[in-house]
Each structure stands twice: as C-alpha cells, then as structure tokens.
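1. Show me the folded form of this:
(chains A and B)
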Number of protein chains: 2
Amino acid sequence: MFESAELGHCVDKAAFAEQEPELRAALLEAQYALKQQNKHAVLILINGIEGAGKGETIRLLNEWLDPRLVRVNAFVDASEDERKYPAERRFWQHLPPKGRIGVFFGNWYSQLISLTVREKIKSSQLDQAIGYVERFERMLCDEGVLMFKFWFHLSKAAFTERIEAQGDDPLQYWRASPLNWHKGKTYDKVLEAGERLLQQTSRDFAPWYVIDGSDANYRSLAVGRTLLEGLRAAVSQTSTARHATHSAPLAARFDRRQLLGALDLSQKLDKADYKQQLHAEQQRLAELVQSKAFRKHGLVAVFEGNDAAGKGGAIRRVSAALDPRQYQIIPIAAPSDEERAQPYLWRFWRHVPGLGRFTMFDRSWYGRVLVERVEGFCAEADWLRAYNEINDFEERLHEHGIIVVKFWLAIDQDTQLERFKERESVPYKRFKITPEDWRNREKWDDYVDAVGDMVDRTSTHIAPWTLVEANDKRFARIKVLRTINDALEARLAEAT
Amino acid sequence: MFESAELGHCVDKAAFAEQEPELRAALLEAQYALKQQNKHAVLILINGIEGAGKGETIRLLNEWLDPRLVRVNAFVDASEDERKYPAERRFWQHLPPKGRIGVFFGNWYSQLISLTVREKIKSSQLDQAIGYVERFERMLCDEGVLMFKFWFHLSKAAFTERIEAQGDDPLQYWRASPLNWHKGKTYDKVLEAGERLLQQTSRDFAPWYVIDGSDANYRSLAVGRTLLEGLRAAVSQTSTARHATHSAPLAARFDRRQLLGALDLSQKLDKADYKQQLHAEQQRLAELVQSKAFRKHGLVAVFEGNDAAGKGGAIRRVSAALDPRQYQIIPIAAPSDEERAQPYLWRFWRHVPGLGRFTMFDRSWYGRVLVERVEGFCAEADWLRAYNEINDFEERLHEHGIIVVKFWLAIDQDTQLERFKERESVPYKRFKITPEDWRNREKWDDYVDAVGDMVDRTSTHIAPWTLVEANDKRFARIKVLRTINDALEARLAEAT
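-> Next up is the predicted model:
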C-alpha cells in the first residue's frame, strides 16, 4: 500500500520553481470555476504519519488557493456540548457548501486510527464503522461533494529522523490526535491501522492518495496536481454522470394490493373514551420524558401523511404534554438557499435533538421519496438511493440513544375533500389550504405507490413505521401518543 | 409599578369559556397573517415572580398558537462552549426569523435580576447593562422585531401561598434562574430589582406589560389580548412607520476637504525592505496569537477598501503567518435568505471568533453605511442608525476581550484603472472583475463621502479605523500587519 511512497521521490529547487507558478495559477482558475459553477463542494481529508507534512500541506493550500473560499476544520476531542449529539453531527455542521473547499484535519479516519492504536475498538466494531464511513462518503459524493483523501507517508527511517528533530515543542500545531508519536511502537501501529483503513475505504468515488512526505517540493506538487486534476475533471463535466443506481428497482405490485388499502379507516373513538385516554397517555408521556433515564436518550418523531390528515392536530396533542422548553417542532417546507447548497440530509441534521430532548418533524427527510419522487423534483437515481441513506441516518440516531418514531397518517379521499372544504370556510383555517393541496390530491395514486415503497424500504426494527388510521381524529391522536409512549418505554427499560 | 397588578383581577369560568374560543381563533389568524406577511418576527420575553404563571403561560401560548411557528428558548447558565463567546451571542443565535415567534424564558432581564439579588453586580455596572439592553432592544425593533415583555406579578401574600403549596418538587420546570425563591428575602429583592429594571427599560418601542398572575383565567386572557392587539397592529400597518431618526444628520463638508484626500498615497516600500519586514511582522504575529495570553482574547480584523485596493492580498499575507486551524476568513457578499430573515448584524454575529481565535472579514457590517447607503439598498434612517448599532456591536466584542482592528485600503482612481485592466487580462484574475466593479467606479465621489462619515462616526478608541495607503501593495501589507500586531501587543500587555 505504501511502497511507492517510500521510493524517495524528490523534486529539486529549480524544477519546483519552474512548475509552481503555473500550477498555482491553474489551481486558482479551477477554484474560481468551481465557485462560479456552484455545483460541487470539495472536501479534503488530511491524514497520515506525524511529520510527513500534514500541517505544511494545509498551509500550502491556503497559500496557493484563494483562502477566502477555503475553510480548515480541526476536529479534536468533542466538547461537552458536542457529546450531547451523535458524533457525526459536527462533521455535518462543518461541511463546505457548494462552490467552497473544506479541509478536515482530524477527521473520522484519525479517530478510527487513534482508537485502533490505543486498542479501544474491537475488530467487529471497526468493520462496522468502516462500513458506515463508506456509505457516508458514497452519499456525499452522490450529493456532489468531491472528496480528496490524502495520506501523508514517511518510511520508518525518515519518520524517526523527523520526530527526533521536531522535539516535543508545545508551540507545534495543536494536536489533532491524542497519539503519542514519541512512543516506540506508535509508528508501526498507525501504519498497520492505516493500511487496513485505506484498503477498505479506497473506492472509485473517493480514492485515497498516498503522498510521499519526505520531500517538501515533491509533496507540494503531488498534492497540487492531484487537486487540480480532480477539480478540472469535475468542472468540465457537462453531463451529470452518476454512479450506477445503488438500489434494486422497486418491486412491481401486480396484484394491486397495497399497504394503505389494507387499513381499516373506520376505526373510531368516542368522546368520553378519547378524553380519558388522552389524559392518561399525555400523563404517561410527561413522566417518561421527565424521567432520569430519558436524559441519556433523545426522541425524534416524524409526522407524514396525506394533506389534511391531521398531522398538526396530532403534534399539538403530543406537545401539550410537554414542557415547551424540552421539545421543538420543525415544520419542513422548501429548503433555504443555505440548505440547498448542502447534501440533502444536512437540513435535518441541523435539528437532531441532543440528549434529553425531543424533536418533532412536521414532514421530514421522507419528502425525498414522497413529494420529490412524485413531482419529479429529483432524479430517479437520487430518490432510489435515498432509502438506504435514510436508513443509515436513522441508524446513527438510534446508536446515539435517540428513539425514532415515524407516523403515516392515512385518510381516504372523501374525508380529505370534506376537510379541504372546511378549511376553506373557517377563517383561521384558510391559511392551511393552498392550490398545491388541490393539485396533490390529483396525484393520490402516485402517493399510494410512493408510500408503499417507502414503508417497505425504510420500516426497520430500530425505526419502524406506524400507519395511523386517521379518518377519526381522536383515534389517530391516541394511536400516535400511545405509539410514542410504547417506544419510549421499551427503549428506556432496555437501558436499565 | 405593580399596584394595578395587585387588585385581584379575576375572570370566572363562564366568562373565560365564552371568550376563549374567539380569542384563540383570532390569535391563530393573526399568527398566520404574520407568517404570510413575512416582515416581522415576534419576540416574547417572560419574566416575573416565581409561581405567577410564567411556565403556564408558555404552555398556553403553545396551545393557543400554532406551535410549529413558535420556538421556546430557555437560557440557563452558559455552557463551556458558550462562554468562549460574548454573552449575547446565544441570544442572537436563537432570534426568531421573520414570520416566526420566539419565546425567551431566562433572558437578559432574568440574568440581571439574578445578579442584583445575589449582589453580584455593582450599581454602575447595572446601569451600563441597562443602557446596553435598551440600545439592543431598540435595534431589534428598528429591524422589524415586535417585542412583548411580560412581567408576571403576585402580591407577597399570594406568592407566599403559592410557593408553600408548590414545595420543592424536582420535577417542576427546569430552573431558568439560580434564585432560591424559598429563601425569606428573595421575593422582596426580586421585586425591588424588577421595579428598577422595568422602570428604566419600558420604552414606547418595547413596553413592559405587568400581568396579575393570581388568577389563571385573567392572566391567560390578558396575555392573549395583549399579543393579539400587538400582532394585529403590526400586520395591518401598511406604511413602514419608523421611529424618528436616532442619529443627527451628518455634517456637511463645505470645504471639500476629506480624510481620504489627505492621505499620502505615494508611500512605498522597496522589495528588499518589504521582504525583511514582512518576515519580521509575520513572525511577530505568529508568536502573539500563539501566546498564552491570547487564549483569553480573540481577534477580529475588518478589511474594507476600494475595489482592487488589495484586500485579498493583504489578507493572505496575514493568514500566511497563522495556523490555518486558528483563523477563518469570511468573505461578505449578498446575504442568504436565512440571513435576510434576521436583523442586519445577525450574519456577522455568526462568525464572531471564540477565545483564542481570529476572524478576518473581507468586507463587513460596514456594507450598511457604504454600498447600501450609496446604492440606496436600505432607507436613509436605517443606515443612519447603523453607526450607533455598529459601535455597540464592537463594544460588545471589545468587552469580551476581542481585539477589533479595521482597515480602509485606499487607492487612487488611476491605480484602480490599471488594476482593473490587469485583472481582465490575466486568466486566473478575470474572476475578480465584474461589471459591478466598473459601475462602482462611477460612484467614486459618493464612496469618498460615505467613507468619511463612516470613519468619523465609528472610529472609536476601542476599535479605531486605520486608513491604509495602498497604491503600493507592499507598503499596504506591511502597514496592515504592523497595525494588527501593535493592537494585539498593546491589549495583551494590558491584561498582565
């Protein structure tokens, strides 16, 4: 893996001086073209052996490129505030928007290597983490992020020489890894861990570039040229050439039977039962989220459903049970321009709850496989891959202790018509009905298909879908509350 | 101040039941109108006596209003991460965008009251803080934020009864203030502190509403009606009626003498001197920002100047001295739509550096009194009040230990023409020149006036302007670096 980076590559001063100006000018030009095109973000990961020129390369990139369009992030240990959220949230928060370049120093690889070297991670856990990293990077690339993963290498002899010369200067760059490179075996262990990681995570869409770090001139030109080539290829790409579709095509339903059709929408609750059960379930919810056990968890509730199915009303019955300072409700409408400049899931990561907190999404990331699919707002390949991306996302939440509950509120077409008409006639409800609602109604069958596929592909044991019969609002609200409570209770009981 | 809130206001059950539905419907209607109009944000501050219904009112608002458009924030003690930034940054971060309602529980008033009651603030400091609060709120209102400041009151007798009934239930709402209300004198002290605060901060643009908290029905209707009236007034306002201009009109310059004209733009540095001084100043800067003393400070450098005056080049010479993980460069262009939904300074508060960090702004908040004034992008009243708002902003940075350095890079018209032409001819520079640059050039004299007024009104002893003679790039870069270093050195020396 590292053999060709130990050949002692070297560029002399004269050759460097000759090549540098042209390379710099070309890099700047490519960088501005990237900015103007506004289609791709660039993410550069910096990893490798201590003393092999990681810090120097970052400095160099800032010197060669227009630094106003570059952001360097050094991820050191997570702060107390950051630890309340899933670990990758901070990477999401610092992703470069389209047209910009982000440099991640101390990224997910550094963390995995550090854990491996310090023997704090089991082999099976490492494999799992690698699998996640691969899917994460694939998603980024599919979303238009150009990834450059650099590993800066030194032979053991060169490393030993460097590290001795360097001393233990506290004014050296902030440490991005807690590794003690002065310890005898660290080099060997990092190399071993690095080799495994690089082997398993070098993919066509995000390959590793191993750079010989022993000679500064060679190293600089190698990085510069790699970057230039990648940028030029991306900028000149006219078609949106994509990877092969990652999902198998959806199953055709020859028999016309579908999930939603199988629901018994006639289920009802009378007023007295409703009142009594509402009170009991709200009380139960209040106790669960105020319990000590919940402080090590979080809760995400997703509300999807037909227009006028009663999402808002259900959400209010949930929120009425809670201290308003403990939850937030995120209504999802069209993305802002900052959100559009990022991968699709970015705008949902923004609202992921911290420990002890609860976020309700009024519509959600499932828009990708519902409205965006039905309306053709995104390419087929994009919504097809979204199923897996969403499953990954929810798995990350689950692993951090967040309970994920998802509702599809289903009504029939007659009930919808009745409610649309009511909305048009009641003054404070008229804001809730728009021409778009009427247009959506005409695509009823398309949504039935989309919901069927969505549930088939994203109802997992860690985050199952609950289909809610919502012709009767009372029945629906109680089912929602009870489902949340049951899920919470089960997960909190597990922990003890 | 609190007399009329001790009259024992009371609304019986029947009267409440009669009035509530209509009020709720009207509130919802006003809320949706606010959202559609998208001109105002609403900020509700909740303060007052423990047990007077603060928490209950927040719950009620969430029940009456559409909770998807309401966000409740409880500001408790600042976290470790938050303490790295000026205290008001977290309020800025959570301001509601236009069309939304934000509820601040545990706001700046709670903090001031808590400090006063615990005798942790001197009278002079309190007065200073009150002055700042007033200016801050005035700015918010001028920026279209509707403020509702509620003080929930109880007579001492009613308070004593409540607090005894309440016990010390740990399941009670999270404490937003560290005050121990069970202690004998707390009520009296809070009342005294509250009276002073309310008196001094009740202004026409942001009045206090003192609500009798002894009867839940009365309290609910009082809050609801106040809110409804305010929302209706704002939504129905067709003209953008404004407060009187806060700044005196700018001084006319009869003699045509101006600051920029007085600069000696012929100043130069030869190459050898430049190289030697550049190296020395960069070294000096590196040592200053890596010093232990700097960890209790931060640095903000503002770069303004004529187009093609060399801002980018100067910034690169500064950044070349630094560890790229320690600084960030923020190029300011058109605001994003999320930024446009907030008060003007919001988008700069986002990038204020934490302790030990350095932000360079390539263009800045001074756009308000430069391009926006010259191009007429904002009303005269808006840019006139901006001078004071900016001075306040920089004062807040200064008080947190952040050193603020501001540069105007000045060139003459011939030099600009030369550089424009060069930019058009060099491939990687052509991205730097746009038709807008040529248009700006035609408004040269307008900018001269705007810069003169800007410097006159915002060059303060805590954040002075430095005019940089920039016809010679070398001279300019050294002056920039040296100015930053001098400012840093002076401030760091002060601290020891």
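2. Kindly state the domain boundaries assigned to chain A.
-> Taking automatic domain parsing as the domain assignment, the record places the domains of chain A at A:3-236, A:260-495.
3. so does the first one get close to chain B?
-> Yes. Remark: domain A:3-236 sits within contact range of chain B at A:25-26, A:28-29, A:32-33, A:35-36, A:55, A:58-59, A:62-63, A:66-74, A:79-82, A:103, A:105, A:171, A:173-174, by CB under 8 Å from any CB of the partner chain. Where C-beta positions appear, they are placed from N, C-alpha and C, glycine not excepted.
4. Going by mean pLDDT, which of the domains of chain A comes out lowest?
-> Between these, the one with the least mean pLDDT is domain A:3-236; it has a mean of 90.
5. gap between the two ends of that one?
-> Between the opening and closing residues of domain A:3-236 we find a distance of 33 Å, counting by CA to CA, to the nearest Å.
6. Kindly report the same for stretch A:390-406.
-> End-to-end distance for stretch A:390-406, by CA to CA: 12 Å.
7. And for stretch A:462-478?
-> Across its full length, stretch A:462-478 reaches 22 Å end to end, with CA to CA as the criterion.
8. near chain B, anything from that stretch?
-> No. No part of stretch A:462-478 sits close enough to chain B to count as contact by CB under 8 Å from any CB; the gap is at least 14.3 Å.
9. If you count neighbours, what's buried in that stretch?
-> Using 16 or more other CB atoms under 10 Å in any protein chain shown as the burial criterion, the residues of stretch A:462-478 that qualify are A:463, A:465-478.
10. now do stretch A:38-55
-> If you call a residue buried by 16+ other CB under 10 Å, then stretch A:38-55 has these buried ones: A:40-55.
11. now it: how far from the chain's centre is it?
-> If you compare the mean C-alpha spot of stretch A:38-55 with that of the full chain, they lie 20 Å apart, counting by CA atoms, centre = their mean, to the nearest Å.
12. count of neighbours near the nearest residue in space to A:Glu63 that is not next to it in sequence?
-> In this structure, A:Glu63 finds its nearest non-sequential neighbour in B:Ala320, 6.0 Å apart by CB to CB, 6 or more residues apart in numbering or on different chains. B:Ala320 sits with 17 neighbouring residues when counted by other CB atoms under 10 Å in any protein chain shown.
13. got it, and the one 10 residues further on?
-> Neighbouring residues of B:Ile330 were enumerated by other CB under 10 Å; the total is 17.
14. Distance check, it against chain A.
-> When CB to the nearest CB, to the nearest Å is the yardstick, B:Ile330 and chain A sit 8 Å from each other.
15. State the paired neighbours of the helix or strand hosting that residue in the sheet, together with their directions.
-> In the assignment (DSSP states H and E), B:Ile330 maps to strand B:327-331. Partner strands for strand B:327-331, per DSSP bridges, with pairing direction: strand B:358-362 (parallel).
16. ok, back up a step: now intersect the buried residues of stretch A:462-478 with the helices, please.
-> When those are checked against helices (DSSP state H), the matches are A:Lys473, A:Arg474, A:Phe475, A:Ala476, A:Arg477, A:Ile478.
17. Between those residues, which sits nearest chain B?
-> A:Arg477 (14.3 Å; CB to the nearest CB).
18. Hmm, the closest one is touching A:Gly313, no?
-> Yes. A:Arg477 is in contact with A:Gly313 according to CB atoms under 8 Å; the separation is 6.7 Å.
19. wait, doesn't A:His210 sit right on A:Phe2?
-> For residue A:210 the amino acid is Val, not His. Yes. Using CB under 8 Å, A:Val210 is in contact with A:Phe2, at 6.0 Å.
20. More neighbours: these two, which one.
-> For A:Val210 versus A:Phe2, neighbours defined as other CB under 10 Å are more numerous around A:Val210 (22 against 17).
21. in the sheet, who's paired with the more buried one?
-> For A:Val210, the residues forming beta bridges with it (DSSP bridges) are A:Trp151.
22. need the contact list for it.
-> A:Met1, A:Phe2, A:Ser4, A:Ala5, A:Trp151, A:His153, A:Leu198 (CB atoms under 8 Å, 6 or more residues apart in numbering or on different chains).
23. Show me what the helix or strand containing the last one packs onto, helices and strands only.
-> Translated: A:Leu198. Under the assignment given by DSSP H and E, the secondary-structure element containing A:Leu198 is helix A:186-201. On a contact count with 3 or more CB pairs under 8 Å, 6 or more residues apart in numbering or on different chains; DSSP states H and E, helix A:186-201 meets helix A:108-117, helix A:123-142, strand A:145-153, helix A:156-166, strand A:208-212.
24. Most tightly packed of those?
-> strand A:145-153 (a mean of 23; mean count of other CB atoms under 10 Å in any protein chain shown).
25. now for it, which elements pack on it?
-> For strand A:145-153, the contact count by 3+ CB pairs under 8 Å, 6+ apart identifies strand A:41-48, helix A:54-64, helix A:123-142, helix A:186-201, strand A:208-212, helix A:216-236 as packing neighbours.
26. Compare the ones you listed and give me the one nearest B:Phe294.
-> helix A:54-64 (19.0 Å; CB to CB).
27. Not counting the next helix or strand after the closest one itself, show me its contacts.
-> Remark: after helix A:54-64, the chain's next helix or strand is strand A:70-74, criterion DSSP H and E. The set of residues external to strand A:70-74 that reach it, using CB under 8 Å, 6+ apart, is A:58, A:61-62, A:94, A:96, A:100-106, A:174, A:176, B:324-325, B:328-329.
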